[in-house]
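Chemist: this one's sequence-less:
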């Protein structure tokens, strides 16, 4: 049945369905990397952290199993092609993490909160989208490209397995076992581990759907999965009349996430306008703007890098993900030192 659909239709339908599922799950569970880092750092609550570790492990194992079986060619994804852009990964990751901490939510969580009526999240999302467009397609693009060309190291394949000379699936299994051990050490919280496993499964499903679409498109499309910074930048570009290719999955994913979050909030009675606290609006706008710039430099947001990109074994993605976590800690420290009444 899937083979009867055109590649664009398949990618769009898959993105819409997966986005709706992610939006609903995220809205109910409050799945968020900012919460995972801040809750553990400040009060030693590891539930959100366990969800993220589980999501990483499931996405990694499933993606590598499909790649090994020839179901999807992860080497053709943007995370594995091109040079090692270490400056963009580190600087962009730190900037994104700081922005997320200031805005009070990561990329996916900001989309979900905005769909559920959070006015602060709407402000952050607008600033995020505008700055991501400016860095990806607008006036900041030449500077971004110039820096990348000057600093990126040329590497044929950014897979950690290829660089280490070990089997990719074997490395994924070892990392999956390590992730399971960490969750056990943190005293596994069953419901949040399940949430993470579901999110990781959605990432894997994205690779499967777009892998089929890419194969049917004869090179016009490339495998991809859940991410939000690129789709937000592309949404702005499309509104401005710019012609883009291969945007179907990401745009549908973005729309589906908003629909899923809206529906989940409505069913649970959580759908309401929520205004920012006094003086907090500038954190949402400034944080959102930093997230857009940082995500574009790093090659993706926390979902796109931390889960989707990392599941390909991309060294670039792992470096950016670690930098995002560092940026979140720096952002939290900035908030702690802010003047009384700033929040």
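Modeler: Looks like it arrived, so ask away. Every value quoted in this text rests on a predicted model; they were computed, and no experiment measured them.
Chemist: make it CA atoms for all contacts and neighbour counts henceforth
Modeler: Will do.
Chemist: Identify each buried residue in the longest helix anywhere in the chain, please.
Modeler: Using DSSP state H to define each element, the chain has its longest helix at helix 190-216. Residues of helix 190-216 classed as buried by neighbour count (16 or more other CA atoms under 10 Å): 192-193, 195-216.
Chemist: What of stretch 34-44?
Modeler: 34, 35, 36, 37, 38, 39.
Chemist: my read: the second one touches residue 48, true?
Modeler: Yes: under the criterion of CA atoms under 8 Å, residue 35 makes contact with residue 48 at 6.6 Å.
Chemist: if we can go back for a sec, okay, buried residues for the helix or strand following the longest helix of the chain please.
Modeler: Sequence-wise, the next helix or strand downstream of helix 190-216 (DSSP states H and E) is helix 229-239. Across helix 229-239, burial judged by 16+ other CA under 10 Å covers 229, 230, 231, 232, 233, 234, 235, 236, 237.
Chemist: Pull the contacting residues for the residue nearest the centre of the chain.
Modeler: What sits nearest the mean C-alpha location of the chain, by CA atoms, centre = their mean, is residue 303, with 1.8 Å. Going by CA atoms under 8 Å, 6 or more residues apart in numbering, residue 303 touches 107, 108, 226, 227, 228.
Chemist: Count the residues that sit near residue 243.
Modeler: Neighbour count of residue 243, defined by other CA atoms under 10 Å: 10.
Chemist: distance of it from residue 135?
Modeler: 17 Å (CA to CA, to the nearest Å).
Chemist: thinking again about what came up before, the residue nearest to the centre of the chain: which element?
Modeler: Remark: residue 303 resides in helix 302-303, with elements defined by DSSP H and E.
Chemist: how far is stretch 276-284 from where the chain is centred?
Modeler: How far stretch 276-284 lies from its chain's middle: 24 Å, per CA atoms, centre = their mean, to the nearest Å.
Chemist: For it, buried residues please.
Modeler: 276, 280, 281, 282, 283, 284.
Chemist: So for that stretch, mean pLDDT?
Modeler: Average pLDDT, stretch 276-284: 88.
Chemist: Need the contact partners of stretch 107-122.
Modeler: 23, 26-27, 30-32, 100, 103, 124-125, 228-229, 257-259, 261-262, 265-266, 270-276, 281, 284, 291, 301-303.
Chemist: Kindly recompute the last result at 7 Å.
Modeler: For stretch 107-122, the surrounding residues in contact (CA atoms under 7 Å, 6 or more residues apart in numbering) are 23, 27, 32, 125, 228, 257-258, 261-262, 265, 271-276, 281, 284, 301-303.
Chemist: can you check stretch 57-70 too?
Modeler: 72-74, 168-169, 172-173, 176, 179, 197, 200-201, 203-204, 207, 307, 311-312.
Chemist: Now do the same contact list for residue 10.
Modeler: Residue 10 sits next to residue 213 when contact means CA under 7 Å, 6+ apart.
Chemist: In which helix or strand does it reside?
Modeler: Residue 10 is part of helix 7-29 when elements are defined by DSSP H and E.
Chemist: Next: residue 88.
Modeler: According to DSSP H and E, residue 88 maps onto helix 86-103.
Chemist: Quick one: list the elements packing against that helix.
Modeler: Using 3 or more CA pairs under 7 Å, 6 or more residues apart in numbering; DSSP states H and E as the contact test, the elements touching helix 86-103 are helix 281-298, helix 315-337.
Chemist: Need the winner for burial among those helices.
Modeler: Among the helices and strands packed on helix 86-103, helix 281-298 has the highest mean neighbour count (mean count of other CA atoms under 10 Å), at a mean of 28.
Chemist: could you say what helices and strands that one packs with?
Modeler: Judged by 3+ CA pairs under 7 Å, 6+ apart, helix 281-298 is in contact with helix 86-103, helix 119-136, helix 229-239.
Chemist: okay, these in JSON lines with mean pLDDT and distance to residue 11 next?
Modeler: Formatted as JSON lines, the helices and strands packed on helix 281-298 follow (pLDDT from 0 to 100; distance: least, CA to CA, whole Å):
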{"stretch": "helix 86-103", "mean pLDDT": "97", "distance to residue 11": "27"}
{"stretch": "helix 119-136", "mean pLDDT": "97", "distance to residue 11": "22"}
{"stretch": "helix 229-239", "mean pLDDT": "94", "distance to residue 11": "13"}
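Chemist: Just name the most buried of those helices.
Modeler: helix 86-103 (a mean of 29).
Chemist: Now do the next helix or strand after that helix, average pLDDT.
Modeler: Later in the chain than helix 86-103, the nearest helix or strand by DSSP H and E is helix 107-115. Across helix 107-115, pLDDT averages out at 96.
Chemist: Stretch 71-83 now?
Modeler: Averaging pLDDT along stretch 71-83 gives 90.
Chemist: End to end on that stretch, go ahead and measure it.
Modeler: End-to-end distance of stretch 71-83 (CA to CA): 25 Å.
Chemist: what's in contact with that stretch?
Modeler: Stretch 71-83 is touched from outside by 66-67, 152-159, 207-208, 211, 222-224, 309, 312, 314, 317, with contacts defined as CA under 7 Å, 6+ apart.
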